[in-house]
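1. sequence first, then the predicted structure, then my questions.
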Amino acid sequence: MLATDKPAAARAMIEITRVAKTYRTRDGEIPSLRPIDLAIADGEFVVVVGPSGCGKTTLLRMIAGLMAPSEGEIRVGDRIVTSPHSDVGIVFQSALLLPWRTVLANVMMPVEVKGLPIEQYRPRAEALLKMAGLAGFESKHPWQLSGGMQQRVAICRALVHDPKILLMDEPFGALDAMTRERMNAELQRIQLETRKTALLITHSIPEAVFLADRIVVLSERPGGIAAIYTVPLERPRQLDVLGKPGFIELTQTIRKHFNAQID
Ligand SMILES: Nc1ncnc2c1ncn2[C@@H]1O[C@H](COP(=O)(O)OP(=O)(O)OP(=O)(O)O)[C@@H](O)[C@H]1O
């Protein structure tokens, strides 16, 4: 990443300015994102929803520096993103844990890969596991854990190097509905406790409304910002909010928005 000259104070944690992406393949150009402008505040929880293939993962990968935008600029903290960087931790749909490593050793992976001092970070890894309700599971192996527990390990792994931002791409997409709801409550608690800036991609509108401060709705590919909704529900949100009128109203509004795009 390159340093910029502007002071970081009073600026967004993530600033996306006129960012567009066109994949250049042997079969030609695939425009995936139209120019997007979005600013995400420090500690904010933003959820991105949109039709399949509209460029959600592409946007997340560009914020992580895993690929470059075709146009525009992404700033994270006080730096312009030009390559992979340590300001983000990423959680994918599959936990991608190494089966031969213990839970603690899996969480410590980024510390080893980044060459950070192991003795200094081990207590942090243990504290994260405790916070995620996994105390006592440190020396278990991934196959001894449920799917929801494995995803919680993946969240701890993403946070172990203390990044400013947690990026999540459909982290609970493979879980059953009941576990998923519980994981949403857990994730809310973890984000409130760690005060990380969070960006989550989901296909579930109730999940988006439960977790988000703001919901960004993308349009069909090439995706652009179709709408941004602020969620007016107080935190911490309990799971019974799912049945409350304000929650149901907002999920219906967003669902209608979605269906109007697809019709
Ligand atoms: N490496 C690539 N090369 C060429 N085209 C790609 C590549 N990755 C993604 N695309 C195309 O870009 C578009 C956006 O892809 P992306 O994975 O970002 O969408 P998405 O919104 O995350 O989709 P989904 O919700 O189905 O996961 C898709 O149409 C996809 O075919």
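-> Ah, there it is.

2. tell me the secondary structure for Gly43?
-> coil (DSSP: H, G, I helix; E, B strand; the rest coil).

3. that one - how many residues pack around it?
-> 15 (other Cβ atoms under 10 Å). No exception for glycine: its C-beta is placed from N, CA and C like everyone else's.

4. next one: the residue nearest to it when sequence neighbours are not counted from the ligand, what distance?
-> Nearest residue to Gly43 in three dimensions, chain neighbours excluded: Arg195, at 5.1 Å (Cβ to Cβ, 6 or more residues apart in numbering). Arg195 sits 27 Å away from the ligand, going by Cβ to the nearest ligand atom, to the nearest Å.

5. likewise for Gly65?
-> Distance, Gly65 to the ligand, by Cβ to the nearest ligand atom: 16 Å.

6. likewise Gly223?
-> Gly223 sits at a distance of 7 Å from the ligand (criterion: Cβ to the nearest ligand atom).

7. surely that residue meets Pro35?
-> No - under the criterion of Cβ atoms under 8 Å, Gly223 makes no contact with Pro35, lying 10.7 Å away.

8. which of the two has more neighbours?
-> When Gly223 and Pro35 are compared for neighbours, Gly223 comes out ahead with 26 against 17, by other Cβ under 10 Å.

9. now for that one: which residues touch it?
-> If you count contacts by Cβ atoms under 8 Å, 6 or more residues apart in numbering, Gly223 has them with 32-34, 36, 50, 54-56, 59.

10. with distance to Pro110, pLDDT and secondary structure added, can I get those in CSV?
-> Listed next are those as CSV, based on distance: Cβ to Cβ, whole Å; pLDDT from 0 to 100; DSSP: H, G, I helix; E, B strand; the rest coil:
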residue, distance to Pro110, pLDDT, secondary structure
Ser32, 28, 95, strand
Leu33, 27, 97, strand
Arg34, 33, 96, strand
Ile36, 28, 96, strand
Gly50, 29, 93, coil
Cys54, 29, 93, coil
Gly55, 26, 95, coil
Lys56, 23, 96, helix
Leu59, 22, 97, helix
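
11. how about those, which pair is most distant?
-> Spanning the widest gap among the contacts of Gly223 are Arg34 and Lys56, at 13.3 Å by Cβ to Cβ.

12. the more surrounded of those two?
-> Ranked by neighbour count (other Cβ under 10 Å), Arg34 and Lys56 place Lys56 first, with 24 against 20.

13. check contacts around the more buried one.
-> The contact partners of Lys56, by Cβ under 8 Å, 6+ apart, come to 48-50, 169, 201, 218, 223.

14. what about 10 Å?
-> By Cβ atoms under 10 Å, 6 or more residues apart in numbering, the contact set of Lys56 is 32-33, 48-50, 169-170, 200-203, 216, 218, 223.

15. before we move on, back to that, now do the shared contacts for Gly223 and Pro35.
-> In contact with both Gly223 and Pro35: 20-21, using Cβ under 10 Å, 6+ apart.

16. for Ser146, what are its contacts?
-> Here Ser146 is in contact with 152, 175-176, 179 (criterion: Cβ under 10 Å, 6+ apart).

17. now, which of those residues sits nearest the ligand?
-> Nearest to the ligand, judged by Cβ to the nearest ligand atom, of these is Leu175 at 16.4 Å.
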